[in-house]
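Asker: one predicted model, sequence on top.
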Protein chains: 2
Amino acid sequence: MLKDWSKAKKPDQTEIDARLEHARMELSARQMAIKEKKLPVLVIFDGWGGAGKGSILGKVIKNLDPRFYKTETLSKPSEDELRRPFLYRYFVRIPEAGRFSFFDGSWMDEITKARLQGKTNDDEYRQQLTSIKRFERQLSDNGYLVIKFFFHISRSEQKKRLSALTDDRHTAWRVSKWDLWQNKHYDECVDVYDEYLELTNQFIAPWYFIDSGNRKWAELQITEILVKSIDIALQNTGRAAAILQNTFPLKQMPRLCDIDLNVSISDEDYARELKELQAELADLHNRIYHRKIPVVIAYEGWDAAGKGGNIKRLTSALDPRGFEVHPIASPEPAEKNRHYLWRFWKRLPKDGHIAIFDRTWYGRVMVERLEGFCSENDWQRAYNEINEFEKELVDWGAIIIKFWVQIDKDTQLARFTDRQNTPEKQWKITDEDWRNREKWDLYEDAVNEMIQRTSTEFAPWHILESNDKHYARIKALKTVIEAIRKR
Amino acid sequence: MLKDWSKAKKPDQTEIDARLEHARMELSARQMAIKEKKLPVLVIFDGWGGAGKGSILGKVIKNLDPRFYKTETLSKPSEDELRRPFLYRYFVRIPEAGRFSFFDGSWMDEITKARLQGKTNDDEYRQQLTSIKRFERQLSDNGYLVIKFFFHISRSEQKKRLSALTDDRHTAWRVSKWDLWQNKHYDECVDVYDEYLELTNQFIAPWYFIDSGNRKWAELQITEILVKSIDIALQNTGRAAAILQNTFPLKQMPRLCDIDLNVSISDEDYARELKELQAELADLHNRIYHRKIPVVIAYEGWDAAGKGGNIKRLTSALDPRGFEVHPIASPEPAEKNRHYLWRFWKRLPKDGHIAIFDRTWYGRVMVERLEGFCSENDWQRAYNEINEFEKELVDWGAIIIKFWVQIDKDTQLARFTDRQNTPEKQWKITDEDWRNREKWDLYEDAVNEMIQRTSTEFAPWHILESNDKHYARIKALKTVIEAIRKR
């Protein structure tokens, strides 16, 4: 995990400052919620010596009221603790309901150190890992939020910091022999840490890696993760199944109401660009076919937003032997009887092919959520399940492009009325469309939540402003072309 | 896991036959329940070539109605499957609600084979493991029961079987090149399998190792595990949190109503044995003190069953510096605000010491269950949580002895009445005792379930027949002495 860890991209200092101020306020506001909902929160700071665990912990708790947290520095077990089971000293320190406990160092220290010093053999080590996994799962099953941070710095950065600390007689005490040993045997430590992190990376208590090169940036990462994880856990209190913490990096996305729909294209430009872009796409289609790259294009959007026409402008550029359009309606009985993603797995393209979905797996968090076709727990869990599904496709090598086709409420009304009044369009409008329209605001909330929670860096949403359908079509073509070109 | 796997003890052939007949009937009876509750069940047969996966699978499904299951033989992926994501061929084969799917071979084959053949590098391998863990967890979260078997045989046994198959021209086709390769590179395979099994041993889909030396014994293990896991899953249907499958080996225990309480001891024998046994225990206490062995003794039983007097006969043999008795009443506020096992963790003995609990953590599945002090999900989960807790203590090196002090209902009434009528005993009887007595039958069901589900091989229950209190005291002393002696 450490070895293939891809750092989140560090924002510039101005953005860090602004987001940090906001995140601190948010965290502070969570204290009362935690107390009210009686949520116990256990936060673990692990990582390299000199990575700044202690000082960042100091900064994080500065924003909290001392009545709401405890900190525990877990260095060596005491004589008394050594006479009890390995987990004893950790179990007795778990937080009370409604409070934080921050552990500066955890069981990871004890286990990996013993491993590095050759004090535990393979069997003992595995047994400890099993204990830890059970311990963390029991906490989670019993309503605890467990958040685990690993502070990561490079060997040279660690060396630099340890030297700086040692050189100053006021801070020299903070450098232990163990820190120095770590730096000297950095690669060996990476191997052991990496294995430990992999083996204890549980869904109910995942690891977060903190890029610790910059203090404020480290504090920001931690504070934001705390806030998000607490929000998920607050939804879980009193509920049996834990909704998992999100560990996928997310893109910041606009809310629907902030999208400027006053964008358009002239008829002339439209005709010209359409022709050019379709030619380009046709060419690219050949290339992905030969390079065996699979492409998945997902369309969601309001009724009458223009999805169908938009898709048509894409497909008319494509060779019919290399693509398929899947209109998604209500599930068939055989589909209803299986995992809700099953029908989409079945429809995945072969490599080199393009699959276009007219409505998608996101039905779970829109129509199924709002019409009560699944339980709240089901759709809450679905954000993560869908992110995992799309990660699977990306890891396979697929290009995923997700479109949200956006119009405003007035435009929808105009188009509905037009459909109603035009005989050859009447099949396109049903009572259900009108009923859905009445729930516009509920849908808008659900769509906003969906876009925020499923715009992963590997599969973000693209908004198609479709009050002007021509504009949206050109933008769709450009987006698809760009995504393929990039590959 | 394979390396430190401790086989379940094989019963003799008569017992196997009897249990198998019963288990087959039980499994067959589960089919309708699965259908009614719409439970999808995915059963995976993995393991060594020649271990008999195919033929045992054939036997297991013989007891099932073909309408209720599908079998899938997952050998090499087809051309078409190779052009889709790695998980595709498995996902599209998941069972329908209300049915079994049996997989002869699974994703484990594909992943470990590629690993052994050097076709995947470390990164790809880890990515596949992550995919698998997510896949299995998503199935479980979405209401699927996933049961994974690994058929284990030794290298020499495998060799013998493969030769026998090859020598017979009717069966020679069943031996693949890969089977032979496996046997030749057995140790290498063990390493890779072991790592895979460890890394994919999830709480929601644990591995079961099947001792495959004997066919009927293998079928029995599988059928019994299927029945038990299905029963747990049926409790989970419609519930968000999965109650975990039990993976700890359990002892067969009698039901309370089958316990013969007509056992007694003469006053003379009692006086003599008590003296002798207490002397022996005193001696053993010194020895565990010096050898730093911790001992945990847990007492549960009916009101007025004689727990107090029983404990007194133990403690009067012990050096007060080396033991502690913990009477367990309702939890304090600080205890209520934490994981229910916290107050017991806090009271664990030091090594070399004895802790005696007068009432215990089993309150969770008795009084807390019956009085509604915790949710159904809480106490259902607790059987496994408690087994894990006790495993932790055993792994630490503790001796655990659990007593259920049993009397019949009439005896309780006689003792209650006596207490009521004897001024110096009146403090021992409260209205609550009478109220609990009214719930005798409910308690009896709960106790039976508790004893069945928490008599692990490492920490089984001992029944003390206590209609004759003297008999029970002598038996308790003998049990404790024997447990310590064995160590």
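Answerer: Thanks, I have the structure now. Numbers count the residues shown, from 1 in each chain, chains lettered A, B, ... in the order given.

Asker: quickly note the distance from residue A:483 to chain B.
Answerer: 18 Å (Cβ to the nearest Cβ, to the nearest Å). Backbone N, C-alpha and C define where each C-beta goes, glycine included.

Asker: apologies, that question was intended for residue A:21.
Answerer: In terms of Cβ to the nearest Cβ, residue A:21 sits 33 Å off from chain B.

Asker: could you confirm that residue falls within a helix?
Answerer: Yes. Under DSSP: H, G, I helix; E, B strand; the rest coil, residue A:21 falls within a helix.

Asker: just the pLDDT for it.
Answerer: pLDDT recorded at residue A:21 is 94.

Asker: correct me, but residue A:326 touches residue A:357?
Answerer: Yes. Counting by Cβ atoms under 8 Å, residue A:326 touches residue A:357, with 5.1 Å between them.

Asker: ok, now which ones touch residue A:401?
Answerer: Applying Cβ atoms under 8 Å, 6 or more residues apart in numbering or on different chains to residue A:401 gives the contacts A:295-298, A:462, A:479-480, A:483.

Asker: and of these, the nearest to chain B?
Answerer: Checking the contacts of residue A:401 against chain B with Cβ to the nearest Cβ, the nearest one is residue A:296 at 10.5 Å.

Asker: burial of that closest one, as a residue count?
Answerer: 23 (other Cβ atoms under 10 Å in any protein chain shown).

Asker: and it, that's in a strand?
Answerer: Yes. Under three-state DSSP, residue A:296 falls within a strand.

Asker: distance of it relative to residue A:396?
Answerer: Between residue A:296 and residue A:396 the computed distance is 10 Å (Cβ to Cβ, to the nearest Å).

Asker: pull the number of nearby residues for residue A:329.
Answerer: Applying other Cβ under 10 Å, we find 8 residues neighbouring residue A:329.

Asker: name the nearest residue to it, ignoring sequence neighbours.
Answerer: Distance criterion Cβ to Cβ, 6 or more residues apart in numbering or on different chains; nearest residue to residue A:329, sequence neighbours excluded, is residue A:359 at 7.8 Å.

Asker: any weak-confidence spans in the stretch 251-400 of chain A?
Answerer: For the stretch 251-400 of chain A, no stretch has pLDDT under 70.

Asker: from memory residue A:178 sits against residue A:49, does it?
Answerer: Yes. In this structure, residue A:178 is within contact of residue A:49 by Cβ under 8 Å, at 6.5 Å.

Asker: hmm, back to that, closest one of the contacts of residue A:401 to residue B:426?
Answerer: The shortest approach to residue B:426 among the contacts of residue A:401 belongs to residue A:298, at 75.0 Å (Cβ to Cβ).

Asker: next, the buried residues of stretch A:302-313.
Answerer: Buried residues in stretch A:302-313, defined by neighbour count with 16 or more other Cβ atoms under 10 Å in any protein chain shown: A:302-307, A:310-311, A:313.

Asker: likewise stretch A:428-437?
Answerer: Here stretch A:428-437 shows A:428-429, A:433, A:436-437 as buried, counting by 16+ other Cβ under 10 Å.

Asker: secondary structure and distance to chain B added to those residues, as TSV?
Answerer: Putting the buried residues of stretch A:428-437 into TSV (DSSP: H, G, I helix; E, B strand; the rest coil; distance: Cβ to the nearest Cβ, whole Å) gives the following:
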residue	secondary structure	distance to chain B
A:428	helix	33
A:429	coil	34
A:433	helix	30
A:436	helix	26
A:437	helix	31
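
Asker: could these go into CSV alongside pLDDT?
Answerer: What follows is the buried residues of stretch A:428-437, written out as CSV (pLDDT from 0 to 100):
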residue, pLDDT
A:428, 85
A:429, 88
A:433, 90
A:436, 91
A:437, 93
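
Asker: now, which of those residues sits nearest residue A:39?
Answerer: residue A:436 (36.0 Å).
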